[in-house]
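# Quick one, fold the following:
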Amino acid sequence: MKLFTQMTKMALFVASLSFTGSSLAAEPMNLDSLLKTLEEGKSAQSVQNQQREQAFATRQNEQVQMLKNTQAKRNQMLVESERLETQFEENEVKLANLTDTLSKRMGSLKELFGVLQQVAGDSSNKFATSVVSAQIPGRSAFMDELAQKMGSTSKLASIEDIEKVWYELQREMTEQGKVSRFNTTVIVEGGNKAEQEVLRVGAFNLISNGKYLEYNPGTNTLSELTRQPVSRFTATASDLQNAKSGAVQFALDPTGGSILGLLVQAPDTAEQVHQGGAVGYVILGVGLLALLIAIERFVSLLLVGGKIRRQLKDNVARDDNPLGRVMKVKDDYPNVAYDTLELKLSEAILREMPKITRNLTLIKIISVVAPLLGLLGTVTGMINTFQAITLFGTGDPKLMAGGISQALVTTVLGLVVAIPTVFIYTLLNTRSKGLLLILQEQSAGIIAERSEKGA
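The predicted structure follows:
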């Protein structure tokens, strides 16, 4: 049985060799060759197994050595950890003692350094937004660095730091009372950069080329305001920049730009007129029509009045003026009775009256209609306001501002048109009645003269 088992293993080994060697599988073998092959294979396998065992033993020794090294390193680190813990505890005790000693030695200086830290922090924020920094940059960085250093318990301010804080505060106060000129880069209209002379008025305003400038602390740049205030303010800026000495009136913003920003945002006259909407345009159109008619009537009555005054000085009736045409009636009817002549003269005066009073009624109608149109705009604007309240509520006043603006602007426009129109109508009506009164007086004189002749 044992022999059979060995033969079976040998057969299996022979089979494995037949798969690995192509030359052996190609030729048939006898028993001697097979035995010899088996001996050679067994010898080669023994050598290979020995090599594997040796390599395994070598790696095992390396791993054992590595384990020993790791254990040694661990023991070393444990010792170092115990030493560091002991040193840390000792340092904690020393630090507490030194801190206590520092507090005792500082005494009242601790309060001084606290005030210094607070002053440095406040000054840093002040210098960052001050327009003086446009001319003298870098001050806020020092103050901020000093405040951070004073916030650390391990660092103290030196005498030089304290003196510099005092110097910077004194310089800020001094510069607030000066009007200084300096050259720097300014962002002009359109986004372009230009080197310009800038005039700094204390810590309040910056101007250049007659325009107000805006200081941006984040980028430390100067730029012209996108929208300048009205001309009466910019005119003072130009006068101040062109002045070389003496006192000059200047529109100063003591808030450092807040009031100026509100003035810039305020709508001008044209924008206010546009807020009136369609009703506002109609009111302006009606007012313009009344103005044109008034100018035409004023010039016409002025010319007619001049001709009538010249006719009063001349006994010869002329056809170029109403008085001359009325006086000519006397020449056209020399022999009629005075009552007939009176009717003829009244007829002539009635013919002249429409020419003298032409379009005055239209001016009067406009003076009455203009405030009614303003009232119409008021009602329309309030309707829009209540619609906005219905849709969006009263949380945001800006949503109601449009309707309220229309209501108020149209009311103002109606009154602005109506009030001067009433005065103009009164003036023109008085002048026209004065001319008609002259015609009536002369007509009465002519009738009296004819009546005397008839008597």
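
# Next, find the distance separating Arg358 from Ile293.
Distance of Arg358 to Ile293, given as CB to CB, to the nearest Å: 9 Å. Backbone N, C-alpha and C define where each C-beta goes, glycine included.

# Have a look at these two and say which one is more surrounded.
Counted by other CB atoms under 10 Å, Arg358 and Ile293 do not tie: Ile293 has more neighbours, with 20 against 15.

# do you know how far the more buried one is from Gly287?
11 Å.

# next one: Leu391
Taken as CB to CB, the span from Leu391 to Gly287 is 34 Å.

# What of Thr185?
48 Å.

# cool, and Ser123?
58 Å.

# can you check Gly191 too?
In terms of CB to CB, Gly191 sits 41 Å off from Gly287.

# Could you do Asn61 as well?
114 Å.

# quick one: which of these two has more around it?
Per other CB under 10 Å, whichever of Asn61 and Gly287 has more neighbours is Gly287, with 21 against 10.

# Can you tell me the SS state at Ala247?
coil (DSSP: H, G, I helix; E, B strand; the rest coil).

# What about it, how many residues nearby?
Using other CB under 10 Å, Ala247 is surrounded by 6 other residues.

# for it, phi and psi?
Dihedral angles of Ala247 (phi, psi; degrees, to the nearest 10) stand at phi -100, psi 130.

# pLDDT score assigned to it?
On the pLDDT scale, Ala247 is placed at 83.

# Please name the residues that touch it.
The contact partners of Ala247, taken as CB atoms under 8 Å, 6 or more residues apart in numbering, number zero.

# that's a helix at Glu39, yeah?
Yes - looking at Glu39 with three-state DSSP, it is inside a helix.

# Tell me how far it lies from Ser46.
Taking CB to CB, one finds Glu39 at 11 Å from Ser46.

# Give me the distance from the host helix or strand of Thr410 to the chain's centre.
Using DSSP states H and E, Thr410 maps to helix 398-454. Distance of helix 398-454 from its chain centroid, counting by CA atoms, centre = their mean, to the nearest Å, is 48 Å.

# Show me what it is packed up against.
helix 269-275, helix 277-312, helix 322-332, helix 338-356, helix 360-392 (3 or more CB pairs under 8 Å, 6 or more residues apart in numbering; DSSP states H and E).

# Highest mean neighbour count out of the ones you listed?
Neighbour counts (mean count of other CB atoms under 10 Å) averaged over each of the helices and strands packed on helix 398-454 peak at helix 322-332, with a mean of 19.

# what angle separates that one from helix 398-454?
Angle of helix 322-332 versus helix 398-454, following axes from the mean of the first three to the mean of the last three CA atoms, to 10 degrees, is 30 degrees.

# can you list contacts of helix 322-332?
Residues outside helix 322-332 that contact it (CB under 8 Å, 6+ apart) are 304, 307-308, 311-312, 317-319, 341, 344-345, 348-349, 351-352, 355-356, 435, 438-439, 442-443, 446, 450.

# With stretch 136-148 instead?
Identification of contacts with stretch 136-148 by CB under 8 Å, 6+ apart yields 116-117, 120-121, 123-125, 127-128, 133, 157, 161, 164-165, 168, 171-172, 175, 220.

# Swap in 7 Å and give it another go.
Residues from elsewhere that reach stretch 136-148, judged by CB atoms under 7 Å, 6 or more residues apart in numbering: 117, 120-121, 123-124, 127-128, 133, 157, 161, 164-165, 168, 220.

# same thing with stretch 301-310?
So stretch 301-310 is contacted by Asp320, Asn321, Pro322, Leu323, Ile356, Leu428, Arg431, Ser432, Leu435, Ile438 (CB under 7 Å, 6+ apart).

# what mean pLDDT would you report for that stretch?
89.

# One more: stretch 263-272?
Mean pLDDT, stretch 263-272: 69.

# Quick check: end-to-end length of that stretch?
Using CA to CA, to the nearest Å, the end-to-end distance of stretch 263-272 comes to 14 Å.

# hang on, the earlier thing: and the helices and strands packed on helix 398-454, which one's lowest on average pLDDT?
For those, the weakest mean pLDDT is recorded on helix 269-275, namely a mean of 73.

# Give me the helices and strands touching it, please.
Using 3 or more CB pairs under 7 Å, 6 or more residues apart in numbering; DSSP states H and E, the elements in contact with helix 269-275 are helix 398-454.

# can you give me the angle the helix it packs on makes with helix 277-312?
On the basis of the same axes, to 10 degrees, helix 398-454 is oriented at 20 degrees to helix 277-312.

# Would you verify that Leu222 is located in a strand?
Yes - according to three-state DSSP, Leu222 belongs to a strand.

# Helix or strand next in line after the helix or strand where Ala96 lies, which one?
Ala96 is part of helix 31-106, with elements assigned from DSSP H and E. On the C-terminal side of helix 31-106, the closest following helix or strand by DSSP H and E is helix 109-129.
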